[in-house]
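Colleague: using only what follows, build the 3D model:
(3 chains)
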Amino acid sequence: MLIAVGSLTAMGVTLGGLLGIAARLLAVEENPVEEELKAMLPGSNCGQCGFVGCAMAAQALAKGEAPVTLCPPGGKSVAEALAKKLGVTADLSDHEEKGPEYAIIEEDLCIGCTRCIKECSVDAILGASKQMHTIITDSCHGCAKCFKVCPTDAIKMCQVPVTLSSWHWPKPDVGQMH
Amino acid sequence: MSTVYPSKTAPFAYSANSVQKTMTTVLWALAPATVFNLYLFGWPAILLFAVTVGACAAAEASCIALSGRPATSTLGDGSAVLTGWLLAMSLPPWAPWWIGVLGAIFAIYLAKHAYGGLGQNAFNPAMVARVALLVSFPVVMTTWIVPHPLFSANAPSLADAFAITFGSKPLDAMSSASVLGFVKTELSRGIPVSQSITQVPNLMDMAMGYRAGSMGETSALLILAGGLFLMARGIITWHIPVSVIGSLFLMGTVFNLVNPARFTDGTIQVMSGATFLGAFFIATDYVTSPVSKKGQLVFGIGCGVFTWIIRTFAGYPEGMAFAVLLMNSLTPIIDQYTRPRGFGRTSKGEPLPLKVKS
Amino acid sequence: MKLFPIRGGVHPEYRKELCSEKAIVALPMPELLYIPLQQHIGAPAEALVREGDLVKKGQMVARGQGAVSAPHHAPTSGRIKAVTQVLAIHPSGLTQLTIVIEPDGKDEWADLPAPIADPFTAKPQAIKDRVAQSGIVGMGGAAFPSAVKLNLGIQLKIDLLLINGAECEPYLTCDDRVMRERADEVIDGARIMAHALGAPKVIIAIEENKPQAIEIMTKAAASQPNVEVVGVPVQYPMGAERQLTQAITGLETPSRKLTADLGVVVHNVATARAVQQAVRYGRPLVSRVVTVSGGAIREPKNVDVPIGTPVAKVVEFCGGFTSEPARLVNGGPMMGAPLVSLDVPVVKGTSGILALTAEEVKERPTSPCIRCGVCITVCPCGLSPVEMAPHIRKDHLDVAAKLGVMDCFSCGSCSWVCPSHIPLVHYFNYAKGMLAEQDREQKKIDRTKDLAEAHAIRIEKAEEAKKAAMAAKQAEMAAKQAALAAQNQGASAADDKANA
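Modeller: Numbering: from 1, shown residues only, chains lettered A, B, ... in the order given. Okay, the predicted model is just below:
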């Protein structure tokens, strides 16, 4: 009986020790995840996530201090990519509310001050001082920085409309099956 | 006409398939063998059968009520009744009532609803219950009786039957071993298979059912007929039955040729025990067997080989239940490796190469 | 001829007897016609007309935009009532820009392009141009611009033009009737298309449940040595392009490639007939045969409908409903789209309008999956619906993509056969749509990143230019000062000398 106990204990200690050594020697080096998270974000530093720029948001995500749904302009695809990288599940249930947006300038209200042009980090606004400004819709990704600085509230944020080519079937609702 | 926002896509036509139809067809396939065996083993068997099936139905109803769903949802489709029926077929016909009830609890609560209900269980519920009972109550579960046909001279009357099933009348005096059990016991006594095999009932008797065993073990021919009926109806395909029976037969024949003193031959292997019931009704259970045809072949071969190994080398004379459970645990990995080849793709999943045209 | 088996597939109740013996009847012109600008795959057409314009029958009212597009023509003479948003014949319930025409009752043809006298000596490009300007799109339902498909003969060597007369969907008989009543036109059109493609052989595949069509087409093709009429087994989805190609040639189209890469181009019988009308008479595509059928239709018929006719008018022409239909379908019951309303126009790809009763549909509430695996047995694409559907339900769309959901062409076999009535095809349509949306979103983000980077570089360059300008100016100032100082020194030295 003593021999049995003794031999099993010895085996346990030896194997456990080997595992511990292996954990040190054969450990996989972690890549700096922050850089990869930053690469996934749009990079326009709009601030809608509440952090100063995409680099700070990446830092917070890496530390686990921010939810993966923090980037509205990024939409579902960014949220899912971040979730995958961080190994968490993205709760997309309230992502449906906002939907992608884009900005338009109401020409009647525009005074040509160029403040929005200076704010836009993707150069989507055309115009010059004292001349009409207009937004290139294709380039606009809805970060709303221009919307915040317009002194005459000439900029409106609109929902990107669903067209025949962008519509798709919603998920079927089968009720509670299990 | 008002605008009706569509809530579903095509198709807007369906086949006549339904879960309820499938379950009912299986019950019809089992009916001839069941009725014959209930006749063979008399009133105690009928009582035990009723208790087992009733207990399964009650267990299912209670689970559904607990989860707040209407009672007709999965009770109505007959899956619990089928589980109870198969369980009853694998019990000793004169076992006491509490075996049936405990079996129902194991099968329905533990093996089915604890996993998530219909379609979610990893292991065959009837087999889980049988194995749990076998391991917990080995004496009761291996007390086999020779047939006492219903209206024959020495058949127990209804009153006697109540005493047997609900009372505590000991059965040792009337018990008898099944073929495989007999062979194994003789082997352990040093008597070679080739000798003990001459003392067992002949093949025709085994096929027709006039021998000791559970209800599912006797009357192999009626079970076979039921199985063929299921295949004709398209409920099951040939893959699992043929691979189970085939591999069992092959193992038996080959090893019998090598050493007839130690190993029973293929025909005995196939005709005895719960082979036919297992091959046609138990291993073919949709939920716990692989979904692809290739996978089903692998599954069937595994069941056959494991059954043979357990019957030959392990401590239990009948190995089908254990073999099925072992293969159930391998079903997910079998599924993963036997996915069909996609159209236009190689079996690795890459697009087919385009042949350069001359 | 030797045929090859196709994988999977099902045998639904066909119920073609409801109108397979009904000859094509022309619909009387309705009060208004609605021509949507997007009736095809590709970029929407651009309206050429305005409110108040007068048009003649066959006049182009919308011009194709870009490489993959199609023009549209007025189905009759009349006045443009409006160019406005109208409910589209699409399950989304969205509207689209539509040209509304008020017929004047005269049905006068415009000046049509001259018939191509001998198409078989004409340049293939001339035929393709004629097909393109006639607005012909795939009339089997997919509505892919036919001229673009004919252009495949330029890059690839096409050995076979396969004319699809399978019509494997239940209820639909429009192709059957076109083959029976317009056989010569179909064969002529097929030969013209083969010439445009440079294909030496034409095979017309017809499912064996249409014996009269096979007989009539065989007779019509008897004089043409390179045209063969072949009966194919009745099996859904035999009419799918890749499946039909496999049945006839035994070749499996590699994933993400076209049948043209195997040397086979597939076109519908009605498309062939439309090409014949365009090439021989200069007539653009302005009408099509539609099967109106189903248990809830009083008089099922095959109707020759002008493009743009409201579905309500077509149903009225067929006696209306006998009872409230359980399902209204645009197309066939296996792959058709649900109709949001009867106030939508018939377009070039509308092959059928079905009003189905509850007994015909046999719908039941969904119950749990019992892992029977029949969905795997019937899938013609070799996929595992039983595995993909739970992943999609849990939003593991990347896992579903790895399992091959993008290969699914939504034939509906799996949903049809499922004993638990799980909406498998609905899951896959959702997954395909979501994956496409995520792909679009990702592309947008990549573009935004590029723009943000370009912006950052521009600002940086501007800063540097500023700094450089400042530095240059400072250097200039310093040089000026130094020169001034030197001058002053020189002057004072001169002064000193003078004073000394």
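Colleague: just say helix, strand or coil for C:Gln85.
Modeller: Assigned with DSSP: H, G, I helix; E, B strand; the rest coil, C:Gln85 falls in the strand class.
Colleague: now do the contacts for it.
Modeller: By C-beta atoms under 8 Å, 6 or more residues apart in numbering or on different chains, the residues touching C:Gln85 are C:Thr95, C:Gln96, C:Leu97, C:Thr98. All C-beta atoms are positioned from the backbone trio N, CA, C, and that covers glycine.
Colleague: contacts with chain A among those, please.
Modeller: Within the set of the contacts of C:Gln85, contact with chain A (C-beta under 8 Å from any C-beta of the partner chain) is found for C:Gln96.
Colleague: PyMOL command for the buried members of the contacts of C:Gln85?
Modeller: The following PyMOL line selects those of those that are buried, judged by 16 or more other C-beta atoms under 10 Å in any protein chain shown:
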select buried, chain C and resi 96+97+98
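Colleague: Throw the contacts of C:Gln85 into a markdown table and include pLDDT, distance to C:Ala491 and secondary structure, thanks.
Modeller: As requested, these are exported to a markdown table (pLDDT from 0 to 100; distance: C-beta to C-beta, whole Å; DSSP: H, G, I helix; E, B strand; the rest coil):
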| residue | pLDDT | distance to C:Ala491 | secondary structure |
| --- | --- | --- | --- |
| C:Thr95 | 94 | 86 | strand |
| C:Gln96 | 95 | 85 | strand |
| C:Leu97 | 95 | 82 | strand |
| C:Thr98 | 96 | 88 | strand |
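Colleague: how much space between the closest residue to C:Lys56 other than its chain neighbours and chain A?
Modeller: Closest residue in space to C:Lys56, ignoring its immediate chain neighbours: C:Ala110 at 3.5 Å, by C-beta to C-beta, 6 or more residues apart in numbering or on different chains. Distance of C:Ala110 to chain A, given as C-beta to the nearest C-beta, to the nearest Å: 29 Å.
Colleague: ok, C:Ala110 to chain B distance?
Modeller: 34 Å.
Colleague: count of residues packed around that residue?
Modeller: 16 (other C-beta atoms under 10 Å in any protein chain shown).
Colleague: in what helix or strand does C:Ile459 lie?
Modeller: Here C:Ile459 sits within helix C:424-499, counting by DSSP states H and E.
Colleague: which other helices and strands contact that helix?
Modeller: Applying 3 or more C-beta pairs under 8 Å, 6 or more residues apart in numbering or on different chains; DSSP states H and E, we find helix C:424-499 packed against helix A:75-86, helix C:385-393, helix C:397-402, helix C:413-417.
Colleague: relative orientation of the second one and helix C:424-499 in degrees?
Modeller: In other words, helix C:385-393. 50 degrees (axes from the mean of the first three to the mean of the last three C-alpha atoms, to 10 degrees).
Colleague: may I see the buried residues of helix C:385-393?
Modeller: Of all the residues in helix C:385-393, those buried under the rule 16+ other C-beta under 10 Å are C:Pro385, C:Val386, C:Glu387, C:Met388, C:Ala389, C:His391, C:Ile392, C:Arg393.
Colleague: outside of that helix, which residues touch it?
Modeller: A:171, B:291, B:335, B:339, C:369, C:371, C:373, C:375-376, C:379, C:397, C:399-400, C:403-405, C:414, C:418, C:422, C:424, C:427-428, C:430-431.
Colleague: mean pLDDT lowest for which of the helices and strands packed on helix C:424-499?
Modeller: With a mean of 79, helix A:75-86 has the lowest mean pLDDT of those.
Colleague: which secondary structure elements does that helix sit against?
Modeller: helix A:33-40, helix C:424-499.
Colleague: outline the domain layout of chain A.
Modeller: Using automatic domain parsing, the domain parsing of chain A gives A:33-86, A:101-159.
Colleague: of these, which approaches B:Val179 most closely?
Modeller: Among the domains of chain A, domain A:33-86 comes nearest to B:Val179, with 58.0 Å by C-beta to C-beta.
Colleague: quick one: end-to-end distance for that closest one.
Modeller: For domain A:33-86, the first-to-last residue distance is 8 Å (C-alpha to C-alpha, to the nearest Å).
Colleague: chain center to it: distance?
Modeller: Relative to the centre of its chain, domain A:33-86 is centred 4 Å away, using C-alpha atoms, centre = their mean, to the nearest Å.
Colleague: how about the contacts of C:Gln85 in a markdown table, adding distance to C:Pro325?
Modeller: As requested, these are exported to a markdown table (distance: C-beta to C-beta, whole Å):
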| residue | distance to C:Pro325 |
| --- | --- |
| C:Thr95 | 24 |
| C:Gln96 | 25 |
| C:Leu97 | 29 |
| C:Thr98 | 25 |
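Colleague: which one of the contacts of C:Gln85 sits closest to chain B?
Modeller: Distance to chain B across the contacts of C:Gln85 (C-beta to the nearest C-beta) is lowest for C:Thr95, with 11.5 Å.
Colleague: backbone torsions only: list them for the residue in the stretch 51-200 of chain C that chain A sits nearest to.
Modeller: Proximity of the stretch 51-200 of chain C to chain A (C-beta to the nearest C-beta) peaks at C:Ser92, 4.2 Å away. Phi and psi for C:Ser92, reported as degrees, to the nearest 10, are phi -70, psi -20.
Colleague: wait, what's in contact with C:Val361?
Modeller: With the criterion set at C-beta under 8 Å, 6+ apart, C:Val361 makes contact with B:Phe12, B:Ala13, B:Tyr14, C:Ala326, C:Arg327, C:Pro333.
Colleague: look at stretch B:332-347 and report the distance between its end residues.
Modeller: Start to finish, the residues bounding stretch B:332-347 are 19 Å apart (C-alpha to C-alpha).
Colleague: show me what counts as buried in that stretch.
Modeller: B:Ile334, B:Asp335, B:Thr338, B:Arg339, B:Pro340, B:Gly342, B:Phe343, B:Gly344, B:Arg345.
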